[in-house]
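Participant: Kindly generate the corresponding structure for this input.
(one chain, ligands or ions: 2)
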Amino acid sequence: MNITEEKVLEALQEVIYFKAGDNIVNLKMVHDLKIDGNKISFSLVFPKKVDQSNEIVVNRAKKALKDALGEDLDIEIGIKSEKDIGGGPLASIKNIIAVASGKGGVGKSTVAVNLAIALSKTGAKVGLLDADIYGPSVPTMMDLESQRPNATEKDGKTRILPLDKYDLKVLSIGFFVDPEQALMWRGPMASKALEQLFNDTEWGDLDYLILDMPPGTGDIHLTIAQEYPITGAIIVTTPQKVALADVLKAATMFRQDKIYIPVLGLVENMSYFTPEELPDKKYYLFGKSYSESFAKRLNIPFLGQLPIVEGLAEASDAGKPAALLEDSIPGKAFKELAGNIKKGINALKSK
Ligand SMILES: Nc1ncnc2c1ncn2[C@@H]1O[C@H](COP(=O)(O)OP(=O)(O)OP(=O)(O)O)[C@@H](O)[C@H]1O
Ligand SMILES: [Mg+2]
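Facilitator: Ligands and ions are numbered 1, 2, ... in the order given. Have a look, this model is predicted:
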């Protein structure tokens, strides 16, 4: 039989992508179709690259082609994500950076918020997404506690408009629900809420979207790592030796098979203390740091040390992140960190 594009597409119309409730041809999921004798190749473009249902659809497509055009076909189907072809709801975001740690309370939120501000001070367009569904701290740290984002209609769908603060686009589950309520949610509900924060939001053009991750290495982390196009992760730690096991846990999570997210590097928080009146002095209160040599052993870049900032907790609680003052000791440290991260991303992209 002479196989034509028309016949192939007709056969593929039998294949329903049940998640979107239509067939894969109508949904424009078939790309780069090539036919050479009995050889047929094309890509199927899915919302997410890694999803259990992708394989099912690929197998159905093969079966539909063989049923319609004969058993002796040589069929090659590639899987692509919308992001791969420059589409999808997050297409206007150039880089998504996850700020994570193996254990809680090491300063992820502090680093995420201040890094976002430091990056935006370099002229970049930056968003901040609080992915800590069960314990959001971005509303307090950004002085947005009783604020509620607006919504808009686009292509018949309701889209969330992130809040604008300190030149950032900011979103947190804390703007919508009482944290105690979110604590009662089961995994799927938390994932669904997160999906809305990511995909149903009008982020606009962004150079960086910074994700403040929840503590640890749980289900939410896996969901984020699998379902969203994360450019790279930053792991935050503290100088104590005991924190290193947690770094390993976090690094391993991002390096799992099928997930593989590049680790942009390790940041050590609360490393030293510099009194205002002695700006050139660094007092290492916890003694020698092991982070740098540990990063080397794990083969990840060391992105630098951040000072212990007197009054930082109070400034955070008052919603005035330290990086707002560029010439302060923490301001300079976050500026340096932002520079290192930019370099790390550029190096990744030129590989
Ligand atoms: N460099 C620093 N200097 C002084 N205090 C800091 C510093 N970094 C963080 N803190 C304080 O330590 C506490 C924990 O920080 P933060 O909330 O950023 O950690 P976290 O890793 O996000 O915690 P969680 O795991 O609960 O989300 C906060 O009170 C914060 O203000
Ligand atoms: Mg936090």
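Participant: any idea how far residue 211 is from the residue nearest the centre of the chain?
Facilitator: Geometric centre of the chain, nearest residue: residue 230, 4.1 Å, by CA atoms, centre = their mean. Remark: distance between residue 230 and residue 211 (CB to CB, to the nearest Å) = 8 Å. C-beta coordinates here come from the backbone N, C-alpha and C atoms, glycine included.
Participant: shared neighbours of those two, anything?
Facilitator: Counting by CB atoms under 8 Å, 6 or more residues apart in numbering, the common neighbours of residue 230 and residue 211 are 96, 97, 98, 224.
Participant: Out of the residues you listed, grab the one that's most surrounded.
Facilitator: Neighbours here mean other CB atoms under 10 Å. Within the shared contacts of residue 230 and residue 211, the largest count is held by residue 98, at 28 neighbours.
Participant: State the three-state secondary structure for residue 43.
Facilitator: strand (DSSP: H, G, I helix; E, B strand; the rest coil).
Participant: Repeat that for residue 152.
Facilitator: Residue 152 ends up strand, using three-state DSSP.
Participant: if we can go back for a sec, let's have the shared contacts of residue 230 and residue 211 in TSV, adding distance to residue 180 and secondary structure.
Facilitator: What follows is those, written out as TSV (distance: CB to CB, whole Å; DSSP: H, G, I helix; E, B strand; the rest coil):
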residue	distance to residue 180	secondary structure
96	29	strand
97	29	strand
98	26	strand
224	23	helix
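Participant: Tell me the one of these nearest residue 136?
Facilitator: Taking CB to CB as the measure, residue 136 lies nearest residue 224 of the shared contacts of residue 230 and residue 211, at 14.7 Å.
Participant: Give me the distance between the residue nearest to the closest one when sequence neighbours are not counted and ligand 2.
Facilitator: Spatial nearest neighbour of residue 224, excluding adjacent residues (CB to CB, 6 or more residues apart in numbering): residue 131 at 6.2 Å. Counting by CB to the ion, to the nearest Å, the gap from residue 131 to ligand 2 is 10 Å.
Participant: Return the distance of residue 206 relative to residue 128.
Facilitator: 10 Å.
Participant: meant to ask about residue 252
Facilitator: In terms of CB to CB, residue 252 sits 26 Å off from residue 128.
Participant: who's in contact with the residue nearest to the centre of the chain?
Facilitator: Per CB under 8 Å, 6+ apart, neighbours of residue 230: 96, 97, 98, 211, 224, 261.
Participant: Tell me the one among those residues nearest to residue 19.
Facilitator: residue 224 (19.2 Å).
Participant: who's in contact with the lengthiest helix in the chain?
Facilitator: The longest helix of the chain (DSSP state H) is helix 329-349. With CB under 8 Å, 6+ apart as the test, helix 329-349 has contacts from 95, 97, 111, 114-115, 117-119, 121-122, 231-232, 234, 262, 264-265, 267, 274, 276, 279, 301, 303-307, 309, 312, 322-326.
Participant: count of neighbours near the closest residue to ligand 2 within the stretch 251-351 of the chain?
Facilitator: Relative to ligand 2, the nearest point of the stretch 251-351 of the chain is residue 316 (10.4 Å; CB to the ion). By the criterion of other CB under 10 Å, residue 316 has 22 neighbours.
Participant: just residue 343 next, same as before
Facilitator: Neighbours around residue 343, by other CB under 10 Å: 14.
Participant: What pLDDT is listed against it?
Facilitator: Listed pLDDT for residue 343 reads 94.
Participant: Same check on residue 176?
Facilitator: With respect to pLDDT, residue 176 has a value of 93.
Participant: Skip the chain neighbours and tell me the closest residue to it.
Facilitator: Nearest one to residue 176, counting by CB to CB, 6+ apart, is residue 148 at 7.5 Å.
Participant: Can you give me the separation between the one you found and residue 317?
Facilitator: 21 Å.
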